[in-house]
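**Q** fold the following, please.
(3 chains)
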Amino acid sequence: MTAVTPRGAKPQKALSPRNIMLYGALIIFSMYYLLPLYVMMVTSLKDMAEIRVGNIFSPPVEVTFQPWVKAWSQACTGINCDGLSRGFWNSIRILIPSLIISVSVAALTGYVLACWRFKGSEVFFGILLMGAFIPYQVLLYPLVIILRELGLFGSLWGLVLVHTVFAMPINVLLFRNYFVALPEELFKAARVDGAGFWGIFFRIVIPMSLPIFVVSGIIQVTGIWNDFLFGVVYTRPENYPMTVQLNNIVNSVQGVKEYNVNMAATMLTGLVPLAVYFFSGRLFVRGIAAGAVKG
Amino acid sequence: MTNSISIKELKLAFGAVTVLENLNLDVGQGEFLVLLGSSGCGKSTLLNCIAGLLDITDGEIHIQGKNVTWEEPSKRGIGMVFQSYALYPQMTVEGNLAFGLKNARVPKAEIVQRIARAAEVLQIEPLLKRKPGALSGGQRQRVAIGRALVRDVDVFLFDEPLSNLDAKLRADLRVEIKRLHHKLKNTMIYVTHDQVEAMTLADRIAIMKGGQIMQLAPPAEIYNRPVNKYVAGFIGSPAMNLIPGQLDAGRQHFDTGRGMAHSVQGYDFSSAPVSGPVWLGLRPEHVQAGALAQSQPVQVDAYVDMVEPMGSDTQVWAKVGEQDVRFRMDGQAQVAIGDTIPIGFDPARLSLFDKKSEARL
Amino acid sequence: MSSARRARDGARPPIRLLRNLSSKLAAIPMVLVGLGVFVGGTIWTIVHSFTDSRLLPRLNWVGFDQYERLWNTRRWLVSIENLAVYGIVSLVLTMCLGFFLAALLDRKIRFEDTFRTIFLYPFALSFIVTGLAWQWILNPEFGIQSIIRGLGFPNFNFDPLYNPDLVIIGLLIAGLWQGTGLIMVIMLAGLRGIDEDIWKATRVDGIPVWKTYIVVIIPMMKPVFVTALVLVTSGIVKLYDLVVAMTSGGPGIASEVPAKYVYDTLFTRQNLGQGFAASTMMLVTVAIILIPWAYMQYREKRQ
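**A** Numbering: from 1, shown residues only, chains lettered A, B, ... in the order given. Reported below is the predicted structural model:
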């Protein structure tokens, strides 16, 4: 994602048939992509009476924030009725250590692979990359055993470890490719200047690599926050992350369905990655493109 | 201790690929040695071996009398200047200069002192607080030299330091490096592919090809007595004319085989001359054309093929019989395509190479 | 290298193992994860798929029994069929739609950033959020079906999440919504990588734009398409969260998928051997798709 200038033919005059078709298509597709967000939003601002009689696309006649309050602090999962806030804080407690550890480990490993290769390091890297393509289902149970042996099964730290493991292939690749592209002479100059493995990493490489840390961080924040499978498998109900709790709230079979609360809860869960997405903009695009194209 | 650097039987191989082999090189105290060659000849690789940035496969490297074959780069008593300057972008100029000293735990007061001294020598005092990104190419390279200077070492290693600069700056900095050497009298090893840099800076030039040193000699000797056809063709611009033919050792004649025979009487043979196929090397600037040709021992007629007036001189492409010969004339010379003019040369200034071994005769 | 070397005499070569010591220490996580988890875990699962493990893993060999049972289970067959249908349709549509959107954005349009942001934002959302949002829109009582009926078409029927024949369409609508943005971005990067002179040349030659795309641009973007293909495929095999959120595999078992079969077998039905056999089959599927690709990459690199 380096080239950013538009290509192709020159723009023609504003209302040419070509432009009408072009922008028409773009607007129709935009509606498809924006529809769910809009519907979620308006539904979450109506009360149930209005939902029952009305149309899901119509804006709320009377705006109410009650569903949001209820979703956050009162919605029930099983016997707990303290809302999504529990899942939110669990997700935060999972996210922060997972983010720090997974990015640090990946950066350090990428540094080894880029700057300090040793006999066999490329082989291990190849094995690691293969791991990116193994379906998670194959490794679910072996990881249960590993975590149980380590005494981490069911705990938040167990989940942190799982996130770190599965984040490694793509993030190591990302860091390695970035570090390889740093000028090699800089690395040589630092060695002549007497900096060693750690000195070069902390004093030279890290200060030059802020963008890739941000990119990797974005990948990790959205990935960890959006995870469902690992949350279900490796944590106990009291530690369930937000996605798992959301699914339990919305898809619970007991009680009357409160669609407005469900939609408020769904939006609440989506807020963190959406915020990351809107604030990071181009770096997000760069991250997924880099991660995806080279993966 | 006369040698500053001494390399013995150096071998470097990456797996099955041998890059340098049986390489021996002694560099005298305070000598300015230039490693010259086209890309891929192993000159930078050799420099990296000396710096300790590459682990060698076999052999020994001594610097200032100490065996440093397996020593860390920072402990070898060297400073190094790179083509891309390799300044740490996030540090100020001062930080760049101090980085190595801090790593070596030099006391703070001394760091300040050494930086001040280096900055004065290189006239970069006003730049100390700036970051490399805010400097011009020439300023950056000065800072890079400064980084080697503050280390207070006996040996400076330069890896194509001027290649990223434009022509004018390159000439300026070249002179500055020469001044610096004159003033500091450090041993310097300088890698370049630019023969002008090599000729102007070096006490001795080592011409490398395929991981081997072809010729190690002072610039004048390399220019006047190239040891083989490769060196002859590499040094000099425009390149030396190399004309194939037969040498008749008895009559001291060179015969191009088309009825053209030229005397080589006066040529300084390295050993007893032998008859056989040879290359005759004649530098364009050693050919005299027009009226000047008459003063030369050997004279022939040349048919002018192409004329390139350069202002200061005129370069002429001509045919002598079937052979292409390139030479220089005065900038004011009146010569046109299609002219036939006399040219002449002195056999003492020729170079003759054996056709097969390409070694100097 | 540094610490191990510093202590020694510079004249002597260092001990092989201690060379680069810090870097070798720093590589330990990679080695543990690569060998211990990825290779070790995969082998462990494959080995145990040949046992009759139920609640706990044990090495009581039963040969291919688990696989035989697996391929005789209706739920697994439905899962495989669903994945195949979902996979093929989603692959084709994602690629077409992704390329089409990228081509639209590449036409020097105004508000390019806005449109790109709109097309890509769903990718930031989890499958759970995606699934729940579309579950609501496709709700027959309140969603699209009821609205169109209200517009004067009382017989209009569109309730994919409650109709076993249509449920895959429901999943596809949501899956495409979430995933096309990514492919669009990759395709756009590919389009931007094409030399502008190519466009100039085709304009000089008078080739229409649509034909330029088909005849010139798409063939030039082959590596990008291959990458997108691999990416979409490996995503499809993992399909799980979306199904859980949207349909829980229903109605009945109409929208079951292999990943869900594995999870349910391992963790709710506690039939480990069976779950391992199913996950091994998933691995085999991925390998069948990826090995030719990896081989192609390798061959290209060697040339």
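**Q** so what does the spatially closest residue to B:Met306 that is not a sequence neighbour look like in phi/psi?
**A** Of all residues not flanking B:Met306 in the chain, B:Trp317 sits nearest, at 4.0 Å (CB to CB, 6 or more residues apart in numbering or on different chains). Placement of C-beta: from N, CA and C, glycine included. Dihedral pair for B:Trp317: phi -100, psi 130, per degrees, to the nearest 10.
**Q** ditto for B:Lys209
**A** phi -150, psi 130.
**Q** for the residue lying closest to it once chain neighbours are set aside, what are its contacts?
**A** Take B:Lys209 and drop its neighbours on the chain: the residue closest to it by CB to CB, 6+ apart is B:Cys41, 5.1 Å away. Going by CB atoms under 8 Å, 6 or more residues apart in numbering or on different chains, B:Cys41 touches B:208-211.
**Q** assign B:Cys41 to helix, strand or coil.
**A** coil (DSSP: H, G, I helix; E, B strand; the rest coil).
**Q** follow-up on the earlier one: so how do I select the buried members of the contacts of B:Cys41 in ChimeraX?
**A** Typed into ChimeraX, the next command selects the buried ones out of those (criterion: 16 or more other CB atoms under 10 Å in any protein chain shown):
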select /B:208,209,211
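**Q** returning to that earlier point: who's the residue nearest to B:Met306 bridged to?
**A** B:Met306, B:Arg326 (DSSP bridges).
**Q** can you show me the strands along the stretch 151-295 of chain A?
**A** With DSSP state E, counting those that start in this stretch, there are no strands along the stretch 151-295 of chain A.
**Q** from what I can see C:Met221 touches C:Arg192, true?
**A** No - counting by CB atoms under 8 Å, C:Met221 stays clear of C:Arg192, with 10.8 Å between them.
**Q** between those two, which one's more packed in?
**A** The neighbour count for C:Met221 versus C:Arg192, taken as other CB atoms under 10 Å in any protein chain shown, is higher for C:Met221 (22 against 18).
**Q** how about the contacts made by the more buried one?
**A** Contacts of C:Met221 by CB under 8 Å, 6+ apart are C:187, C:190-191, C:194.
**Q** count of neighbours near the spatially closest residue to A:Asp82 that is not a sequence neighbour?
**A** Leaving aside its chain neighbours, A:Asp82 sits nearest to A:Ser73 (6.6 Å; criterion: CB to CB, 6+ apart). For A:Ser73, the neighbour count with other CB under 10 Å is 13.
**Q** same question, B:Gly65
**A** 12.
**Q** follow-up on the earlier one: so the residue nearest to A:Asp82 sits against A:Asn80, correct?
**A** No - A:Ser73 lies out of contact with A:Asn80 (CB under 8 Å); the separation is 11.6 Å.
**Q** quick check: phi and psi at the residue nearest to A:Asp82.
**A** phi -120, psi -10.
**Q** ok, now which ones touch it?
**A** Contacts of A:Ser73 (CB under 8 Å, 6+ apart): A:82-83, A:85.
**Q** gap between the residue nearest the centre of chain C and chain B?
**A** Closest residue to the average C-alpha location of chain C: C:Gly235 at 0.6 Å, with CA atoms, centre = their mean. According to CB to the nearest CB, to the nearest Å, C:Gly235 stands 38 Å off from chain B.
**Q** correct me if wrong: that residue contacts C:Gly179.
**A** Yes - between C:Gly235 and C:Gly179 there is a contact under CB under 8 Å: 6.7 Å.
**Q** any regions of the chain where pLDDT drops low?
**A** Chain wasn't specified; assuming chain A. A:1-14, A:287-295 (pLDDT under 70).
**Q** my bad, the chain I had in mind was chain C
**A** C:1-9, C:303.
**Q** please work out which residue of chain C is closest to chain B.
**A** When scored by CB to the nearest CB, chain C has C:Gly10 as its residue closest to chain B, at 3.0 Å.
**Q** who's in contact with residue 160?
**A** Looking at chain A here, since you left the chain open. With CB under 8 Å, 6+ apart, A:Val160 has these contacts: A:94, A:97-98, A:101.
**Q** hm, I was asking about chain C
**A** Contacts of C:Pro160 by CB under 8 Å, 6+ apart are C:138, C:166-170, C:173.
**Q** cool, and C:Leu239?
**A** C:Leu239 neighbours (CB under 8 Å, 6+ apart): C:83, C:86, C:175, C:257, C:259.
**Q** close enough to count as contact, the last one and A:Gln137?
**A** When you say that, I think you mean C:Ala259. Yes - C:Ala259 lies in contact with A:Gln137 (CB under 8 Å); the separation is 5.5 Å.
**Q** shared neighbours of those two, anything?
**A** With CB under 8 Å, 6+ apart, C:Ala259 and A:Gln137 have common neighbours C:Met282.
**Q** show me which of those two is the more surrounded one.
**A** A:Gln137 (28 against 25).
**Q** pull out the buried residues from the host helix or strand of that one.
**A** Using DSSP states H and E, A:Gln137 sits within helix A:136-150. Buried residues in helix A:136-150, counted by 16+ other CB under 10 Å: A:136-144, A:146-147.
**Q** those residues into CSV, with extra columns for distance to A:Val276?
**A** Converted to CSV, the buried residues of helix A:136-150 look like this (distance: CB to CB, whole Å):
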residue, distance to A:Val276
A:Tyr136, 23
A:Gln137, 28
A:Val138, 30
A:Leu139, 27
A:Leu140, 27
A:Tyr141, 32
A:Pro142, 31
A:Leu143, 27
A:Val144, 30
A:Ile146, 30
A:Leu147, 28
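**Q** residue in chain B nearest to chain C?
**A** B:Glu71 (3.0 Å).
**Q** so what's residue 226 up against?
**A** Since you didn't name a chain, this refers to chain A. A:Asn226 neighbours (CB under 8 Å, 6+ apart): A:243, A:273, C:125-129.
**Q** my bad, the chain I had in mind was chain C
**A** Counted by CB under 8 Å, 6+ apart, C:Val226 has contacts C:293, C:296.
**Q** please name the bridge partners of B:Leu282.
**A** Applying DSSP bridges, one finds that B:Leu282 bridges with B:Asn241.
**Q** ugh, typo on my part, it should be B:Gln299
**A** Under the criterion used (DSSP bridges), B:Gln299 bridges to B:Gly344.
**Q** just to revisit the earlier point, of the contacts of C:Pro160, which belong to helices?
**A** Counting by DSSP state H, the contacts of C:Pro160 place C:167-170, C:173 in helices.
**Q** would you reformat those as JSON lines and include distance to chain A and neighbour count?
**A** Formatted as JSON lines, the ones in helices among the contacts of C:Pro160 follow (distance: CB to the nearest CB, whole Å; neighbours: other CB atoms under 10 Å in any protein chain shown):
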{"residue": "C:Val167", "distance to chain A": "15", "neighbour count": "24"}
{"residue": "C:Ile168", "distance to chain A": "18", "neighbour count": "22"}
{"residue": "C:Ile169", "distance to chain A": "15", "neighbour count": "17"}
{"residue": "C:Gly170", "distance to chain A": "13", "neighbour count": "23"}
{"residue": "C:Ile173", "distance to chain A": "9", "neighbour count": "17"}
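**Q** show me which residues of chain B sit near chain C.
**A** B:60, B:66-72, B:75-76 (CB under 8 Å from any CB of the partner chain).
**Q** filtering these by proximity to chain A, which remain?
**A** With CB under 8 Å from any CB as the criterion, the residues of chain B next to chain C include B:72, B:75 near chain A.
**Q** now, the residues of chain B next to chain C that are in strands?
**A** B:60, B:66-67 (DSSP state E).
**Q** can you lay out those residues as TSV showing pLDDT?
**A** Shown next, in TSV, are those (pLDDT from 0 to 100):
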residue	pLDDT
B:Glu60	92
B:Lys66	90
B:Asn67	91
